Structure formats: structure tokens, C-alpha cells
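1. Sharing a model that was predicted from the sequence below.
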Amino acid sequence: MGNVIIIIIIFSLLGYIFGDFFLRTVTFIFDFVVMIIIYLIYKDDKKTIENHKKQLKKQEDNIINWSEKPFSKYLGKDILYLRYDSLILLDKLENDLHVFSDYSFVVSPFAKAYEGFLKKILVDVGAISKDELKSKPSLSVNSYFHPVEGSMVKYTSDAAREKAIPAVIYTVYQECRNEIMHFDIYQHPSKKAIRNIEEAKFFIKRIEDAIEKTYYTFIEPLKKSKKIKFVLTIEDNDGNKREQEI
């Protein structure tokens, strides 16, 4: 658009400088019509941009509210956006005629979020510090939740149900993150790929359930006991940031 406007201006100037009265009149009318067209295009573009902004805002509202669950704020936008990426892929592929050999890519964003979420849990309950986490990029997150060798059981209450949660977290991580993010030709066929969209939905649902159970087992008791404060950084449309306790 910018190059077109420059060319029009050059030709208009040539018409005004070297043209006779008729050519100047025609040039003036042409310029007037072009300006109206440019205004109408700009007006439509501006309206389109405003509508796009409204859609993004509405989309963001949907992303940051996980069924209005209380842990949505705790999770933070990075994790929620990755979950939303998986849900968008599910929606796009629901009625797609193409059949993929492996639907792991649908679950992958949310599986990645699950790993990040568990790291957040480990830091917040005091099982590991942020500095330790940064110094050990290849840290085996799942080992902390191992049913036998893991250390996370001590951060649960005495209830038998809660003591079983780390094993659930471990199993979901192994099956819904590790097995789909790696490939071994000698694996059992059922572990090599997510074979259809229904299986992808099932994996996503398992991760959702595991995140909910993890939050209510480890974080909710800490919030109620006031042993630790959780602060959320909120940024408005102007880029101003403020902290809010959650």
C-alpha cells in the first residue's frame, strides 16, 4: 500500500507540473477519488483491527479461566496458553478428513505445560529451590513423585487418598509426557503413538485431572494454612504491572 501511494503521488506531481489545464483537472479528480478509496480502506482496516483486538481479549478471557477453577490464577498464563494450544488443535482436527499416523503433537503443548507445572509445585512446596532448578536443567521432575523412591509423599496430609496422589502424578507424567515426547522403535506399538483424536482427548483429560489433583493436594492446604503467600503479577493493557495475592 505504501509503495502504491508513493507512485500515485509522483504521477500526480508530474501531471500538475507538466500538464495543461485539462490534465491538471483530471489529475485533481483522480487524486480526490484515490484519497476517498484510501480513507475507506483505512477505515475498514481500523475496524478490522478493533474487532480482532476484541476477539483476542475474549479469547484471552477464555484461556485464563480454566472452567473458573480456583487454580487458574495459580497456573499463570504460560501454562494456560499451552493448554489452550492443545484444545485448539483438538478443535481444528475434530472433523479433519486427513488421518495422521500419530496425534502426539496435539497433546505435546499441554504435556510440556504439565512438566512446567510440576516444577512450579516442587519450588512452591519447598522440595527444591529456584536456583537448584536453574542449575539442573536436565532435572528428572518425575523422580520426586515416584511411588517408592520419591520425596513428595511427605508433603501430603496423612489421608491415604492424598498419599496416593504422587503415584498418579508419576504415572500420568510417564504415559502422557515421557512416552509421547520420545520415540523408541522397540517400544510396544501402544506406546509409540497416539493413534487417533479420541486418544488425544483422553490424554489431555488425564493431564487436566492430574493437575487438579496436584493443586488441591499440595497447594490448597498451604494457602489455607497461610504458611506461604502466592503472588500473581498482573499486567494491564498499558503494560503496567501490579502484584495480587492469590
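-> Sure thing, it's come through. Numbers count the residues shown, from 1 in each chain.
2. Please identify the buried residues of stretch 199-209?
-> E199, A200, K201, F203, I204, R206, I207, E208 (16 or more other C-beta atoms under 10 Å). Yep, even glycine has a C-beta here, placed from its N, CA and C like the rest.
3. I would like the residues contacting it, please.
-> 83, 86-87, 90, 103-104, 106-107, 110-111, 113-114, 172, 175-177, 180, 194 (C-beta atoms under 8 Å, 6 or more residues apart in numbering).
4. ranges for the helices of the protein?
-> 2-18, 21-63, 72-75, 77-93, 104-125, 130-135, 160-163, 165-173, 179-181, 189-192, 197-214, 220-225 (DSSP state H).
5. Now the weakest link among these, please, by mean pLDDT.
-> Note on the helices of the chain: helix 2-18 shows the lowest mean pLDDT, a mean of 59.
6. rewinding a little: would you show me how to pick out the buried ones of the contacts of stretch 199-209 in PyMOL?
-> The buried residues among the contacts of stretch 199-209 can be selected in PyMOL (16+ other C-beta under 10 Å) with this line:
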select buried, resi 83+86+87+90+103+104+106+107+110+111+113+114+172+176+177+180+194
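7. quick revisit: can you put the buried residues of stretch 199-209 in a markdown table and add distance to Y155?
-> Formatted as a markdown table, the buried residues of stretch 199-209 follow (distance: C-beta to C-beta, whole Å):
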| residue | distance to Y155 |
| --- | --- |
| E199 | 32 |
| A200 | 32 |
| K201 | 31 |
| F203 | 26 |
| I204 | 26 |
| R206 | 22 |
| I207 | 21 |
| E208 | 22 |
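8. Burial check on D158, number of neighbours?
-> 6 (other C-beta atoms under 10 Å).
9. From P221, how far out is it?
-> Using C-beta to C-beta, to the nearest Å, D158 is found at 12 Å from P221.
10. cool, D78 as well?
-> Per C-beta to C-beta, D78 is found 24 Å from P221.
11. Looking at those two, which is more packed in?
-> Using other C-beta under 10 Å as the criterion, D78 and P221 rank with P221 on top: 15 against 12.
12. ok, now how distant is the closest residue to that one other than its chain neighbours from Y170?
-> Counting by C-beta to C-beta, 6 or more residues apart in numbering, the nearest residue to P221 once its immediate chain neighbours are dropped is S157, at 6.7 Å. Distance of S157 to Y170, given as C-beta to C-beta: 18 Å.
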